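[1] I'll drop the sequence and a predicted model, then ask my questions.
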Amino acid sequence: MTSIYRPILKIAWQILWRAKYLWFFGLFAVLVSNSGELNLIINNFSIVSEQGPFLRNLKLLYSQGVFNNPITNLKELVANFNLSAIILLILFMALFLFLIWLAVVAQAGLVSGAYREYRKQPSGFVSAFKTGRQNFWSVLALNVIGKIVIYGALLIVGLPLVLLYLKQPSETGQLLFVLLSFIILIPLAVIVSFLIKYAIIFVVLKKEKVGQALKSGWRLFIKNWVVTVEMAIILFLISILTGIVMILVTVILAIPLSLLVYIFYILQVEGLLMLAVILALLLLVLLIFWLGTLLSTYQMTCWVLLFDRLTESQVFSKISRLVAGWTSRKKVTSNQ
């Protein structure tokens, strides 16, 4: 039983720097994909921890009669719109839809490009983008299904408790809602994230339909859930390391930039001072985006390579390999 993670991490690193066109896809794919399942746990934990204030604000709106006449409130909202507001809203919606389209295309293109690079097949920005466009609706459907399952389950369980809390507010009802949110949202979100990730790869690489891809993704996850969780832990640790590097680089860059800003301040050159501040902030923002793009591209490449290993051969988790090694050493010792 050989190691699977080290080769995957090494090859993914090589692909990351060899196929730099994948960075474009990684930049936008992060808008619809999760940066990491353990990061997802932390994000959802933060969401759950904010349910208490959310319920109190919801109760305040309810007591003010905001929900009594929703149709009337909607009519008043529409009536307050002027032509400029409507045009601005249309432009905003158009931009939002374009970004969603681009993010979904990038997600599928990243999967295709990473796999082709791994298999040494002809690849490039154009072919990856084309594959992304071809799989847009299927990948979008899978992302939407994932969100519906997570928040639908939370709504089904939590809605009766929310209504009860609005009618008869109590700390017990609030605590029960927060507890159920924690129990349901976090484990379900992680499992659904794994399922949707595998299903998307099945759609892009195996040309499966959405329904079949969900079934295939579920079977693959159930069969290899330990390996999947181990990979998620490894990528989470890499995310932490990337965050530390990002902080160190920011601190290192901040020293000369702060010195430059201070010199302009001493010289009382207001125009150059403002320009220096803007450039410094812009540089830091670009650096953060660049590192985030690299991380997103690297993580998805790792998942594609793991998917290939799981579907092509039998894979043993690190835990099973450690147990097997410990058992074999114990047998050797007992035989001696």
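    Looks like it came in fine.
[2] For the rest of this, base every contact and every neighbour count on C-alpha atoms.
    Fine.
[3] And the average pLDDT for the helix or strand containing Ile278 is what?
    Ile278 belongs to helix 270-312 when assigned by DSSP states H and E. For helix 270-312, the mean per-residue pLDDT is 85.
[4] and if you look at stretch 222-232?
    92.
[5] pLDDT below threshold where in this structure?
    1-2, 33-82, 157-182, 264, 268-273, 316, 320-336 (pLDDT under 70).
[6] what about the helices in it?
    5-18, 22-29, 37-49, 51-63, 70-79, 83-118, 125-134, 136-167, 171-206, 210-223, 225-267, 270-312, 318-335 (DSSP state H).
[7] Out of those helices, which one sits most buried?
    helix 22-29 (a mean of 24; mean count of other C-alpha atoms under 10 Å).
[8] Report the inter-axis angle for that one versus helix 5-18.
    With axes from the mean of the first three to the mean of the last three C-alpha atoms, to 10 degrees applied, the angle from helix 22-29 to helix 5-18 works out at 100 degrees.
[9] before we move on, back to that, output the contacting helices and strands for the helix holding Ile278.
    With contacts taken as 3 or more C-alpha pairs under 8 Å, 6 or more residues apart in numbering; DSSP states H and E, helix 270-312 sits against helix 5-18, helix 22-29, helix 83-118, helix 171-206, helix 225-267.
[10] In CSV, list those helices along with distance to Ala141.
    Output for those, formatted as CSV (distance: least, C-alpha to C-alpha, whole Å):
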stretch, distance to Ala141
helix 5-18, 27
helix 22-29, 15
helix 83-118, 10
helix 171-206, 10
helix 225-267, 23
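[11] Which one of the ones you listed lies nearest to Asn143?
    helix 171-206 (6.9 Å; C-alpha to C-alpha).
[12] List of residues touching stretch 97-117?
    For stretch 97-117, the external contacting residues (C-alpha atoms under 8 Å, 6 or more residues apart in numbering) are 15, 19, 22, 24-26, 28-33, 122-125, 127-133, 135-136, 139-140, 200-201, 204-205, 297, 300-301, 304-305.
[13] hmm, try it at 7 Å
    Outside of stretch 97-117, the residues within contact range by C-alpha atoms under 7 Å, 6 or more residues apart in numbering are 15, 22, 25-26, 28-29, 31-32, 122-123, 128-129, 131-133, 135-136, 139-140, 201, 204-205, 301, 304.
[14] Stretch 14-29 too?
    102-104, 106-107, 109-110, 113, 117, 125, 293-294, 296-298.
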